[in-house]
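Engineer: This is a predicted model, with the sequence first.
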Amino acid sequence: MSDLAAALDIVGARWALLIVERLLDGPQRYGDLQRDLGLGTNMLATRLRELEAAGILRRLPLRHNTRAYALTDRGLALRATITELTRWAAEDAHDTRDPTAHP
């Protein structure tokens, strides 16, 4: 398996990078992530478990049975990747050229 394939096994699942992007701003409570991302509790719980198992984020202890999540150093290292993907998507969205036309 290539290094890229291995990375995509970890962060390539739907919602994974969007969760990481939200956590780049700092720790977030479970309910806030769910509300802000607008995804079902089962999907969010699954992705958080996968990202935690991969060492991308960690669960923070809070009072009153609430959960919060924060990125680990490995998760924070994805900042540049997310920034570049966002830039790439923005450039594509602003490109009004016909993709079938030749220069």
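Structural biologist: Looks like it arrived, so ask away.
Engineer: Backbone dihedrals for the residue positioned nearest the centre of the chain, please?
Structural biologist: Taking Cα atoms, centre = their mean, the centroid of the chain lies closest to Leu17, which sits 1.9 Å from it. When read as degrees, to the nearest 10, the backbone of Leu17 gives phi -70, psi -30.
Engineer: Now do it against Thr66, distance only.
Structural biologist: Here Leu17 is placed at a distance of 24 Å from Thr66 (Cβ to Cβ, to the nearest Å). (C-beta placed from N, C-alpha, C; glycine too.)
Engineer: where does the protein have low pLDDT?
Structural biologist: For the chain, residues meeting the criterion pLDDT under 70 lie at 94-103.
Engineer: top helix in it by residue count?
Structural biologist: Identified as the longest helix of the chain according to DSSP state H is helix 79-94.
Engineer: hmm, back to that, looks like the residue nearest to the centre of the chain contacts Thr83 (just checking).
Structural biologist: No: at 11.4 Å, Leu17 does not count as touching Thr83 under the criterion of Cβ atoms under 8 Å.
Engineer: Fine by me, we can end here.
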